[in-house]
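Engineer: Structure for this input, please:
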Amino acid sequence: MSFACFSTLALMGPVRNLAGRYEAAGGARIDADFAPTLGLLDRLRDGEAADVVILTREGSTTSRRKGRWLRTAASILARSFVGIAVKAGAEHPDALLKYLASPEVAPMLRESGLEP
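Structural biologist: Model (predicted):
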């Protein structure tokens, strides 16, 4: 027995780890497919189906509003944080940070599950 899982890239490592352990413990095989949130939303909109879907909060909210699954079936599994590292002694990337927080870019990052 197996079931299909669509998951955002941010949780690829944990999902693969848990899926392997679950199957080894005698559970069903998890056929996980990993992609960016927007790509998964497009696939769902185009009619592809999965037994389990792991999305960003924004992606999950969008899909629930469109009636793709029951509200009670949604749970927060994890929080994912992304940061920018600067090499010691290097100039701080203030211009880059301002760009990422700009009205043109920030909404795209949020839709992908990132918060500038």
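Engineer: OK, contacts around Ser2?
Structural biologist: Ser2 makes contacts with 28-31, as judged by CB atoms under 8 Å, 6 or more residues apart in numbering. Yep, even glycine has a C-beta here, placed from its N, CA and C like the rest.
Engineer: May I ask which of these has the most neighbours?
Structural biologist: When neighbours are counted by other CB atoms under 10 Å, Ile30 leads those with 19 neighbours.
Engineer: Grab the nearest non-local neighbour of it.
Structural biologist: Ala19 (3.9 Å; CB to CB, 6 or more residues apart in numbering).
Engineer: ok now do that neighbour, which residues does it touch?
Structural biologist: Ala19 sits next to 5, 29-30, 32 when contact means CB under 8 Å, 6+ apart.
Engineer: Let's see which of the residues you listed end up in strands.
Structural biologist: 5, 29-30, 32 (DSSP state E).
Engineer: Can you lay out these as a markdown table showing distance to Ser102 and pLDDT?
Structural biologist: What follows is these, written out as a markdown table (distance: CB to CB, whole Å; pLDDT from 0 to 100):
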| residue | distance to Ser102 | pLDDT |
| --- | --- | --- |
| Cys5 | 34 | 92 |
| Arg29 | 44 | 90 |
| Ile30 | 39 | 91 |
| Ala32 | 34 | 94 |
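Engineer: Those into JSON lines, with extra columns for distance to Lys87?
Structural biologist: Formatted as JSON lines, these follow (distance: CB to CB, whole Å):
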{"residue": "Cys5", "distance to Lys87": "37"}
{"residue": "Arg29", "distance to Lys87": "43"}
{"residue": "Ile30", "distance to Lys87": "39"}
{"residue": "Ala32", "distance to Lys87": "35"}
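Engineer: what are the ranges of the helices in the chain?
Structural biologist: Taking DSSP state H as the test, the helices found in the chain are 12-24, 37-45, 57-65, 94-100, 106-111.
Engineer: out of those, which comes closest to Ile76?
Structural biologist: helix 57-65 (7.4 Å; CB to CB).
Engineer: Kindly state the beta-bridge partners for the closest residue to Glu23 other than its chain neighbours.
Structural biologist: Spatially, and ignoring its direct neighbours in sequence, Glu23 is nearest to Arg29 (5.2 Å; CB to CB, 6+ apart). For Arg29, the beta-bridge partners under DSSP bridges are Ser2.
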